[in-house]
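Visitor: Pasting a predicted model and its sequence here:
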Amino acid sequence: MLHNHPMSSLSRRSFLKLTAAAGAAWVCGPVWAGLAGDIRVGVAGIRNKGWSHVGQLRKIPGVRLVALCDVDKEILAGRVAELDKEGVKVAAHADFRRMLEMRDLDAVIIATPNHQHTLQTLWACQAGKDVYVEKPVSHNLFESAQIAKMADKYGRVVQAGMQKRSDQGHLDGFEFIRQGNLGKIKLVRGICYRLRPSIGKVTGPQPIPASVDYNLWCGPSPMSPLMRTRLHYDWHWDWATGNGEIGNQGPHELDIARWALGEKEMPARVLSMGGRLGYSDDGQTPNTQLVFFDYPTAPILFEVRGLPKSQQYGESDAFRGLRVGVVVECENGSFVAGDSGGFIYDAQGNKLRKFSGDGGGRHMPNFIDAVRSHRPQELYAPIREGAISNGLVHLANLSHRVGASASPDAINEKLGGHREAGEAFAKILTHLDANAVDLKRTPLTLGAWLEWSNAQQRFTGGEGFERANELLSRDYRAPFVVGKEG
């Protein structure tokens, strides 16, 4: 069930009272005074992706970087010092809420860990800031439903970090297909073959880095002992904070797969199969996963492979030349698209045409343009699109999490004779065999066929659907609570 949390009916006024009691002095309402001049931006989460966004922002005319935010004071101090050497002076904040108090701040870029994205977007919208939030925009399906409403409720411009929406090559390729040049779409494949070695296995709680404010780092998640070697990055493979590889790279490919189909909602059914295979470590999420999304137009098959080609080759597999991307399979040919556009092939596999792209380099400038004009309709990836595509991640993972160990024969039976899914699963078995994975010792997990209602925003059928509904949300740790919006 969707839970009513202590702050689920939180009004803007009561939110302000709560944060004021915690020492916050929020600046509320639209902050448009400075938009005739520079757009003043702050970036949160600057260890990796956020720092690359800093570089992008500094190249956009009319943008002024005014603040950095990170809960790791060592990283924060280092980044501030780097900018200072280049003559760029910025405010430094460990607490995201303190950055939002700044009056000379129009917009924020959120590149923090997954479990913070929706909450920080909510806080920013309530504080009158526009938002660019990295994928996945939500940590769970409850958050997907809430974040989709925030931009409208608070009158903000909110862009999802789905950069491939801004890639002209994808746009042109999908338009070529929509014009009927390849016939009807039969299947869209999402491919994510990225090497992910073991993160190791600890025997007890590990020390939190002295430079990190662990309370702020945990935010909505339980403030539990650190049970892995690294705090940073490896949170991706912990259910409390991350969403696995399908929630890391997957949102990009799932988004353009859904875009290719022209589907506007999440699918009626989903089925996942896979597991964490090839090693035993402290990670919880699958490193091998095949997911069937049952859309009426055509299905999406999404595949994750985190192991190498084999024990002898330290590189990833590839599908039709792709390690990351999508393949739109049509009656009379296909579109094979990677980071920057892609190629059209005929039914015999002959290359017919190239659609070139830039990997989404226009995405951040598009956000800045929309902030300046205050026209959310100009966004290439409005937050509702991000919420739906990221919702596919959560559907897949919930199917996996309520599943059970199963033999390959049982999985083939569950696939019900679907040819392409059966072929993809057979290739996964070959891949695992090449990595000497013994499925009798570490069996695959066969997820549940879960039935989803877009109208009710909950599961309505399938094995274990009641348990899946219990996992739609989380128990939030006060005061880091995402309430029910509207």
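Guide: All right, it came through fine. Numbering: from 1, shown residues only.

Visitor: mean confidence for the longest helix seen in the chain?
Guide: In the chain, assigned by DSSP state H, the helix with the most residues is helix 383-401. For helix 383-401, mean pLDDT rounds to 98.

Visitor: And for stretch 254-266?
Guide: Here the average pLDDT along stretch 254-266 is 97.

Visitor: ok so, going back, got the buried residues for the longest helix of the chain?
Guide: 383-401 (16 or more other C-beta atoms under 10 Å). C-beta here means a position set from N, CA and C on the backbone, and glycine is covered the same way.

Visitor: do the same with stretch 65-79
Guide: Leu65, Val66, Ala67, Leu68, Cys69, Asp70, Val71, Asp72, Ile75, Leu76, Arg79.

Visitor: would you say Trp235 is within a helix?
Guide: Yes. Under DSSP: H, G, I helix; E, B strand; the rest coil, Trp235 sits within a helix.

Visitor: confidence score at it?
Guide: 98.

Visitor: ok, it - how many residues close by?
Guide: By other C-beta atoms under 10 Å, the residues close to Trp235 number 18.

Visitor: That one touches Thr241, doesn't it?
Guide: Yes. Contact criterion C-beta atoms under 8 Å: Trp235 and Thr241 qualify, at 4.1 Å.

Visitor: what sits in contact with each of those two?
Guide: Taking C-beta atoms under 8 Å, 6 or more residues apart in numbering as the contact rule, Trp235 and Thr241 both touch Pro113, Asn114, His115.

Visitor: burial count for the second one?
Guide: Yep, that's Asn114 we're talking about. Asn114 has 24 neighbours, counted by other C-beta under 10 Å.

Visitor: same check, this time on the first one
Guide: When neighbours are counted by other C-beta under 10 Å, Pro113 registers 23.

Visitor: which ones are touching it?
Guide: Contacts of Pro113 (C-beta under 8 Å, 6+ apart): Gly45, Trp217, Trp235, Thr241, Gly242.

Visitor: Restricted to strands, list those residues.
Guide: Residues of these located in strands (DSSP state E): none.

Visitor: just those residues now: which is nearest Lys184?
Guide: The shortest approach to Lys184 among the contacts of Pro113 belongs to Gly242, at 36.6 Å (C-beta to C-beta).

Visitor: what's the spacing between that closest one and Arg196?
Guide: 12 Å (C-beta to C-beta, to the nearest Å).

Visitor: So which residue is smack in the middle of this structure?
Guide: Pro136 (2.0 Å; C-alpha atoms, centre = their mean).

Visitor: Surely it touches Asn114?
Guide: Yes. At 5.7 Å, Pro136 and Asn114 qualify as touching, with contact defined as C-beta under 8 Å.

Visitor: Find the residues that touch each one of the two.
Guide: With C-beta under 8 Å, 6+ apart as the test, Pro136 and Asn114 both reach Asn243, Gly247.

Visitor: give the contact list for Lys186.
Guide: Ala298, Glu329, Cys330, Glu331.

Visitor: what's near enough to touch the first one?
Guide: It refers to Ala298. Residues near Ala298 by C-beta under 8 Å, 6+ apart: Lys184, Ile185, Lys186, Leu187, Val188, Leu261.

Visitor: okay, now the last one: neighbour count?
Guide: Residues contacting Leu261 under the criterion other C-beta under 10 Å number 22.

Visitor: ok so, going back, how about the nearest residue to the residue nearest to the centre of the chain, chain neighbours excluded?
Guide: Asn390 (4.1 Å; C-beta to C-beta, 6 or more residues apart in numbering).

Visitor: And the one helix or strand Leu65 maps to, what does it pack against?
Guide: Using DSSP states H and E, Leu65 sits in strand 63-69. On a contact count with 3 or more C-beta pairs under 8 Å, 6 or more residues apart in numbering; DSSP states H and E, strand 63-69 meets strand 39-44, helix 49-57, helix 73-85, strand 91-93, helix 96-100.

Visitor: Need the winner for burial among these.
Guide: Most buried of the helices and strands packed on strand 63-69, by mean neighbour count (mean count of other C-beta atoms under 10 Å): strand 39-44, with a mean of 24.

Visitor: which other residues reach it?
Guide: 34, 50-51, 53-54, 57, 62-70, 91, 93, 96, 99, 102, 104-112, 120, 368, 371-372.

Visitor: How far away from the center of its chain is it?
Guide: Its chain's C-alpha centre and that of strand 39-44 lie 21 Å apart, by C-alpha atoms, centre = their mean, to the nearest Å.

Visitor: Which neighbours in the sheet does that strand have, and how are they oriented?
Guide: strand 63-69 (parallel), strand 107-110 (parallel) (DSSP bridges).

Visitor: Output those in TSV, with mean pLDDT and distance to Asn435 appended to each entry.
Guide: Below are these laid out as TSV (pLDDT from 0 to 100; distance: least, C-beta to C-beta, whole Å):
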stretch	mean pLDDT	distance to Asn435
strand 63-69	98	40
strand 107-110	99	36
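
Visitor: Could you export these as a markdown table, including distance to Ala268?
Guide: Converted to a markdown table, the strands paired with strand 39-44 look like this (distance: least, C-beta to C-beta, whole Å):
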| stretch | distance to Ala268 |
| --- | --- |
| strand 63-69 | 40 |
| strand 107-110 | 31 |
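
Visitor: Name the SS class of the residue sitting furthest away from the middle of the chain, please.
Guide: Distance from the C-alpha centroid of the chain peaks at Gln348, with 34.9 Å (C-alpha atoms, centre = their mean). Three-state assignment for Gln348 (three-state DSSP): coil.

Visitor: Next one: it from Ser334, what distance?
Guide: For Gln348, the distance to Ser334 - C-beta to C-beta - is 11 Å.

Visitor: ok, Arg230 touching Ile208?
Guide: No. The pair Arg230 / Ile208 is not scored as a contact, 11.3 Å apart, by C-beta under 8 Å.

Visitor: Show me the contact partners of stretch 91-100.
Guide: With C-beta under 8 Å, 6+ apart, stretch 91-100 has contacts from 19, 22, 24, 26-27, 42, 44, 66-71, 73, 76-77, 80, 102, 105, 108, 112, 116, 120, 123-124, 127, 129, 213, 216.

Visitor: longest single strand anywhere in this structure?
Guide: Per DSSP E, the chain has its longest strand at strand 185-193.
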